[in-house]
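Trainee: what follows is a predicted protein model with its sequence.
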Amino acid sequence: MTNLKYITRSLILGISIILMSCTNDFESINTDTKKATSIDGKFLLPSAQSTLINHYINYDVNSNVMGVQAQHFSQYNYTDESNFVFRDGLLDSYIGNYYYVAGNLVKLQTAIDEKPEAILSTDKKNAWRLITATLKAFTIQHVTDANGPAMYSKAFDLKNKTPEYDSQQEIYETLLSELYTVVSTVKTETNLGLESQDIIYQGDLMKWKKFANSIMLRLAMRVSDVAPALSIEYTNKAVNENGGVFTSNVDNALYQYLSSPDANIYYESILDGWSPPIAPSSTIYDIQTKNKDPRKNMYWSATYWGDEGAVKYGEKGDFWSGSIINPQYVGNKTIGTYGKYYSIFYNGKQDAPGIFMDYAEVEFFLAEAALRGGYDLTGTAKEHYNNGVTASIEYNAELVSYEGDVASEIATYLAQDSIDFEKATDKMYRIGEEKWVALLFQGPEAWAEARRLDAPTMSLPKQKEMSDLPMRLVFPVREKILNGINVKEAASKLKSSDNFTTKLWWDTK
């Protein structure tokens, strides 16, 4: 029912890293100081980037359903996750795939650090560290934003088969410090010769600095309710030092897929694989309809038969009603025989890019910071909010070759009473809802922000398996079996017990 080759590889190798088991897979993907110097980073980097984006943006019932949890999507007929039923295999592989990437990044940086100065200069090692640390921070952030406490500070020690867990607070503080250190030590004129191997930025270190600073901003703003001093310190550093954050869509951290063989993961998973089909969730579709959002016609398209609409979150739908994801985002082969389990995407772009992080998200964080006050920023909350909305609409319009008058539609949209920032009675909610709409295809991030800001108002399905919305994922069963003592200790670092409705450290509302 899914791309078994991808899932099996990621699950097995990812869990190996999580649990630090002494298997051959562990030795091959973790730091081995006797072998690392023979590895050329240029060959490992594209694989790490590909594996990470494939997991982060994917929809797959065996590894990642965060787009469903964010209520951007509804499931047609296989509705377990839409009703908060999470299988053990999903919990294992979602976390395991991130650790698989993190382990490869540690291996890559170790290989680089151990090269003699005569072969690789300190400046080039620092430049490599900027890239690997940025991707590792991105990866570990999504582990802790799912589970809370996570293995990090002791996770990649080859001799430690049962690593201890750090609290979420410790992880955030460490990631912020690590990111600031790497952006402060890199000379942007350093040339690593990664024009073809670095799929995200083609070796442009100034853009990597902006990406690292933008992730620093994300981490800093996420803790704004629980650690305001830390938030202010690192937001100011991210925005005002070492090149700053994203300032336009040109800076977006994108993974450019190919038509073949490295096609967009949605295409690979939903058509060439056997993942059950998805449709726009009524949660996002109804909000966009009510607000006359021009992105509605960019995000969604009528079906082959001309039908439009959404599937009510948590309920089963059918293929004769509802819209589909705009084929410009993810394509499929020309529709053939109709059948219950066939996707209804058709004739689209297999090479649509995957988004790690974009400028719109940065502007919404800056709007939030300006609204809270106390940060060293220029611009008002309204200006940054309007910039975020504009950046989101402009990016999507270009991606899908939208034929409307984009500038006019943006102006009309922002002038509506329901969207105008000055007219909003709850301005933080207004920022949160617009950011959530803009984060389509970035399910983990959309779910995190919806939990933190309580925006938008999420749907509670009728057939739900728990009394409230899930606030986290419980620790994987495999971890509990092989690292049980430390998992119990990790659970004690949560606000409550190891269950789905326990809020994370940064979630105070």
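Mentor: Nice, thanks for sending it over. Numbering: from 1, shown residues only.
Trainee: can we go C-alpha only for contacts and neighbour counts from here?
Mentor: Will do.
Trainee: got phi/psi on I325?
Mentor: phi -60, psi 130 (degrees, to the nearest 10).
Trainee: chain neighbours aside, what residue packs nearest to it?
Mentor: Distance criterion CA to CA, 6 or more residues apart in numbering; nearest residue to I325, sequence neighbours excluded, is W300 at 4.7 Å.
Trainee: tell me how far that neighbour lies from Y78.
Mentor: 21 Å (CA to CA, to the nearest Å).
Trainee: out of these two, which sits in the more crowded spot?
Mentor: Applying other CA atoms under 10 Å to W300 and Y78 shows that W300 carries more neighbours, namely 22 against 18.
Trainee: from E398, how far off is that one?
Mentor: Taking CA to CA, one finds W300 at 15 Å from E398.
Trainee: cool, and S281?
Mentor: For S281, the distance to E398 - CA to CA - is 24 Å.
Trainee: which of the two has more neighbours?
Mentor: Comparing S281 with E398 by neighbour count (other CA under 10 Å), the higher total belongs to S281, at 28 against 12.
Trainee: I'd assumed F73 was in contact with that one.
Mentor: Yes - contact criterion CA atoms under 8 Å: S281 and F73 qualify, at 4.3 Å.
Trainee: how are the helices of the stretch 151-300 of the chain distributed by residue range?
Mentor: 168-185, 205-222, 228-240, 265-266, 282-290, 296-299 (DSSP state H, counting those that start in this stretch).
Trainee: now those helices as a markdown table including distance to S259 and mean neighbour count?
Mentor: Below are the helices of the stretch 151-300 of the chain laid out as a markdown table (distance: least, CA to CA, whole Å; neighbours: other CA atoms under 10 Å):
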| stretch | distance to S259 | mean neighbour count |
| --- | --- | --- |
| helix 168-185 | 34 | 19 |
| helix 205-222 | 25 | 25 |
| helix 228-240 | 36 | 20 |
| helix 265-266 | 11 | 26 |
| helix 282-290 | 29 | 18 |
| helix 296-299 | 20 | 19 |
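Trainee: weakest of those by average pLDDT?
Mentor: Least confidently modelled of the helices of the stretch 151-300 of the chain is helix 265-266, at a mean of 82 by mean pLDDT.
Trainee: and the residue lying farthest from the centre of the chain, how far from K124?
Mentor: Distance to the chain centre peaks in the chain at A118, reaching 38.0 Å (criterion: CA atoms, centre = their mean). Shown here: A118 relative to K124, a distance of 11 Å by CA to CA.
Trainee: same question for K503.
Mentor: 41 Å.
Trainee: same question for Y234.
Mentor: Y234 sits 25 Å away from K124, going by CA to CA.
Trainee: before we move on, what about A111?
Mentor: 13 Å.
Trainee: more crowded one of these two?
Mentor: A111 (21 against 18).
Trainee: check the gap between the more buried one and K42 for me.
Mentor: For A111 relative to K42 (CA to CA), the value is 11 Å.
Trainee: what's around A370, how many residues?
Mentor: Neighbours of A370 using other CA under 10 Å come to 21.
Trainee: point out where the stretch 351-500 of the chain drops to low pLDDT.
Mentor: Applying pLDDT under 70 to the stretch 351-500 of the chain picks out no residues at all.
Trainee: which residues does the host helix or strand of L44 contact?
Mentor: Assigned by DSSP states H and E, L44 belongs to helix 41-56. By CA atoms under 8 Å, 6 or more residues apart in numbering, the list of residues contacting helix 41-56 from outside reads 63-64, 97-98, 101, 104-105, 108-109, 111-112, 139, 194, 197-200, 255, 265, 354-356, 442-444.
Trainee: now swap in stretch 208-216 and tell me
Mentor: Contacting residues not belonging to stretch 208-216 are listed as 130-131, 134, 137-138, 176, 179-180, 183, 201, 234-235, 238-239, 242-246, 251, 253, 357, 362 [CA under 8 Å, 6+ apart].
Trainee: can you tell which of the helices of the stretch 151-300 of the chain is closest to I57?
Mentor: The closest of those to I57 is helix 265-266. By CA to CA, the value is 7.7 Å.
Trainee: for that closest one, what is the distance to the chain centroid?
Mentor: Counting by CA atoms, centre = their mean, to the nearest Å, helix 265-266 is centred 14 Å from the centre of its parent chain.
Trainee: begin at 43, not 1, for the rest of this chat.
Mentor: Right, with 43 as the first residue, what we last looked at is helix 307-308.
Trainee: where do the strands sit along the stretch 43-192 of the chain?
Mentor: All strands of the stretch 43-192 of the chain, identified by DSSP state E, counting those that start in this stretch, fall at 115-117.
Trainee: and K332, how far is that from Y455?
Mentor: 11 Å.
Trainee: got it, and M399?
Mentor: Distance from M399 to Y455, by CA to CA: 24 Å.
Trainee: and if you look at Y309?
Mentor: According to CA to CA, Y309 and Y455 sit 31 Å apart.
Trainee: those two: who's more crowded?
Mentor: Y309 (25 against 19).
Trainee: so the more buried one sits against Q392, correct?
Mentor: Yes - Y309 lies in contact with Q392 (CA under 8 Å); the separation is 6.4 Å.
Trainee: please enumerate the helices of the stretch 443-551 of the chain.
Mentor: 448-457, 469-480, 485-495, 519-524, 526-533.
Trainee: quick one: work out the angle between the second one and helix 324-332.
Mentor: For the pair helix 469-480 and helix 324-332, the angle between their directions (axes from the mean of the first three to the mean of the last three CA atoms, to 10 degrees) equals 110 degrees.
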